[in-house]
Structures are given as C-alpha cells and as structure tokens.
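Chemist: only geometry, no sequence info:
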C-alpha cells in the first residue's frame, strides 16, 4: 500500500457541497444530513482532512452521532442514501492503487441506496487502464453531461504564492473578458481545455477573431476537446467537432481530440492558469441555458510545473 495521501481541495469541496445542499437533502429525506450521507476515501490522511473540513462547516463528525467518514471498511455492512467517494489522486499521481482492490469501488457504490457521487480529478479516472475499476466508473460518470454536479469550485490555495491574489471569474461575461484580454496581451502559448466546442458560439463571442489575431502575430493555440461530446450535427450537416475543426484549421489553431474529457482549463505561457467549471468554447452566454459558472485565475512563475503537468497529462491521452 502506498503511503497515506491527502487532497485538501477535494476535502474542502466535499464539505462545501454538503453545507450548500444540507437543507435540500434533509428536506428530501426527512432526517439529519449526518444520517443521509457517508464519505469513503482510500486514505486515512484524507479521512482526517474531510472530517476537519466538514467540522469547519458545522457538520457533525463525532463517532456517535456524526457523519460516517472513513476508508472503505467504515461502510462494511452499512448503507446510506448518498455515498460520496474521494479518490484523492490528481494528475500528479497515477492512482492505480485504487484498481488493485476492485472491492474498494464495489463496496463504495453498493452501499449507496440512491446516489453515489465522486468528487475528484475525473481526467485521472478517465485515463485509467481500459477495463479497470476506475475506467468502468469513468465510462459511466462521463457518459453524459447530466451526470455532472453543479456547484461553485473551490480555490486551490496550493497554487497561490506570495502577494499574488487569486482572481475569481463569476459569469460568462467575466470569463469572455478574461480570455479575450489574454489573447490580446501578446503572449506566446495558449492551451484551452473545453470539452464542448461550438463554432457558432465562438464566433458570436468574438473568440475566433481573437484566435486569428493572436496567431497572426505568432502565438500558438492548442485546444483540447472531447469528440464524444460533440457528435450532434450543426445546421449544415457537420458535427460540432467537424465544424469547430474546420474553423480552427482556417485560422491555424491546433485541435486535439481527447475522449472522456472533464477539465475546463486555460493555461497561458508558464505563469497564468485558470481552472473552474466554465465551458470556454461552448457555453451559452445568454438565455435559459446560461449558467452561473465559477473559475479561479492564478498568476506567477511558480505555476510552471503545474502547467507542464496539466499539458503532459492531456497530451498522453490524445487520440
């Protein structure tokens, strides 16, 4: 067994989601949150991190009346309406340890009466060996957009350094302004991760024109999108992926097809990184389908290793 691991961001995100949805869950089930939800993770250190994060949100975690938070053994023989799984692993580690014991995910999923929720780096799950427990779970979770939870992202304090402030982007206009300004700044290398790509949306938002201007001055733009999510057809008979590829090819943008893509990221050069829940190249900017999305912007030369890790993990999965 590897040394015990922890992922503070996962712990804080789980606690924040539980806090936000406490009233909804308690109203639906008619009992306290602590009796509705159980949390499972492979590592003892993560158990402690989740307990601390939940306690900070006034969620009871004491052994007698608190929420069950533990390794898979904590739920042996017990069930809860909602089970949350925290895999801990991110792009910095493979996560194969989870696959060495199929019973870990089997017990986790089977103990959920109604819902099993996974809070983690879905790209790591999707990159697992075909047929492995993680890959099977990823196939199910990433098979349709309606399986994704909607919630505000938590900032990554590990990416904050010195006096640099973390910037929050809250809506479509804020996200578009950030990206358009960045494209006009004269930077050299842009990596955009957007599972969905819609050429008409990018044109209306001014992004295609901004891409064209940036490339004409010598910038490089790489876009990663999921071919499986862009199979619906446009009015002219092309799939959304084909239409986007046609528009990108005309400009000089490099499009990379990456199945089971979940991340929404913009990385610029080695010192600017934006991570959140916003679909940069497809999201409806107005109307009934427009969503309130959140992303966080981090700045500084200390981001170089993180950006390299993200890009390397994407490129190794490209088809």
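Modeler: Alright, I've got the coordinates. Computed from a predicted model, the values in this text were never measured in an experiment.
Chemist: in which helix or strand would I find the residue nearest in space to the middle of the chain?
Modeler: Nearest to the geometric centre of the chain sits residue 263, at 4.5 Å (CA atoms, centre = their mean). Per DSSP states H and E: residue 263 is located in neither a helix nor a strand.
Chemist: residues in contact with it?
Modeler: Shown in contact with residue 263 (CB atoms under 8 Å, 6 or more residues apart in numbering): 122, 123, 193, 195, 275, 310. All C-beta spots, glycine's among them, are computed from the backbone N, C-alpha and C.
Chemist: Compare those residues and tell me which is most surrounded.
Modeler: Counting neighbours by other CB atoms under 10 Å, residue 193 leads these with 26 neighbours.
Chemist: so what's the residue lying closest to that one once chain neighbours are set aside bridging to?
Modeler: Excluding the flanking residues, the one nearest residue 193 by CB to CB, 6 or more residues apart in numbering is residue 265, at 4.0 Å. Residue 265 forms beta bridges with residue 193, residue 275, as assigned by DSSP bridges.
Chemist: Greatest separation within the contacts of residue 263: which pair is it?
Modeler: The most widely separated members of the contacts of residue 263, counting by CB to CB, are 195 and 310 (14.8 Å).
Chemist: Tell me how the protein divides into domains.
Modeler: Following automatic domain parsing, one gets these domains for the chain: 8-146, 157-315.
Chemist: Which of those has the lowest mean pLDDT?
Modeler: The stretch with the lowest mean pLDDT among these is domain 8-146, at a mean of 87.
Chemist: Could you pull out the strands in the stretch 101-250 of the chain for me?
Modeler: Remark: strands assigned in the stretch 101-250 of the chain by DSSP state E, counting those that start in this stretch are 112-118, 167-169, 189-193, 220-225.
Chemist: Scan the protein for its longest helix.
Modeler: Counting residues, the longest helix in the chain under DSSP state H turns out to be helix 8-29.
Chemist: Tell me the spacing between the residue nearest to residue 302 when sequence neighbours are not counted and residue 185.
Modeler: Nearest residue to residue 302, sequence neighbours excluded (CB to CB, 6+ apart): residue 161, at 4.6 Å. Residue 161 is 21 Å from residue 185, where distance means CB to CB, to the nearest Å.
Chemist: Same question for residue 172.
Modeler: 20 Å.
Chemist: The two: which is more packed in?
Modeler: The residue with more neighbours, out of residue 172 and residue 185, is residue 172; 20 against 12, by other CB under 10 Å.
Chemist: what sits against the closest residue to the more buried one other than its chain neighbours?
Modeler: Distance criterion CB to CB, 6+ apart; nearest residue to residue 172, sequence neighbours excluded, is residue 285 at 4.4 Å. Contacts for residue 285 were tallied using CB under 8 Å, 6+ apart; they are 172, 173, 176, 201, 204, 205.
Chemist: buried subset of the residues you listed?
Modeler: Neighbour counting by 16 or more other CB atoms under 10 Å classes 172, 176, 201, 205 among those as buried.
Chemist: show me what contacts the spatially closest residue to residue 106 that is not a sequence neighbour?
Modeler: In space, and not counting its chain neighbours, residue 106 is closest to residue 133: 7.6 Å by CB to CB, 6+ apart. Contacts for residue 133 were tallied using CB under 8 Å, 6+ apart; they are 98, 99, 102, 104, 105, 106.
Chemist: Neighbour count and distance to residue 212 for these - can I get that in JSON lines?
Modeler: What follows is these, written out as JSON lines (neighbours: other CB atoms under 10 Å; distance: CB to CB, whole Å):
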{"residue": "98", "neighbour count": "24", "distance to residue 212": "44"}
{"residue": "99", "neighbour count": "18", "distance to residue 212": "44"}
{"residue": "102", "neighbour count": "12", "distance to residue 212": "49"}
{"residue": "104", "neighbour count": "22", "distance to residue 212": "49"}
{"residue": "105", "neighbour count": "23", "distance to residue 212": "46"}
{"residue": "106", "neighbour count": "12", "distance to residue 212": "51"}
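Chemist: Distance to residue 34 for the residues you listed - can I get that in CSV?
Modeler: CSV is the format used below for those (distance: CB to CB, whole Å):
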residue, distance to residue 34
98, 26
99, 31
102, 29
104, 23
105, 24
106, 25
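Chemist: Now do residue 97: how many residues are near it, please.
Modeler: The number of residues packed near residue 97 is 17, by other CB under 10 Å.
Chemist: Residue 42 is in contact with that one, correct?
Modeler: Yes. Taking contacts as CB atoms under 8 Å, residue 97 lies within contact range of residue 42: 6.7 Å.
Chemist: how much space is there between the residue lying closest to residue 16 once chain neighbours are set aside and residue 53?
Modeler: Excluding the flanking residues, the one nearest residue 16 by CB to CB, 6+ apart is residue 154, at 5.9 Å. Distance of residue 154 to residue 53, computed by CB to CB: 10 Å.
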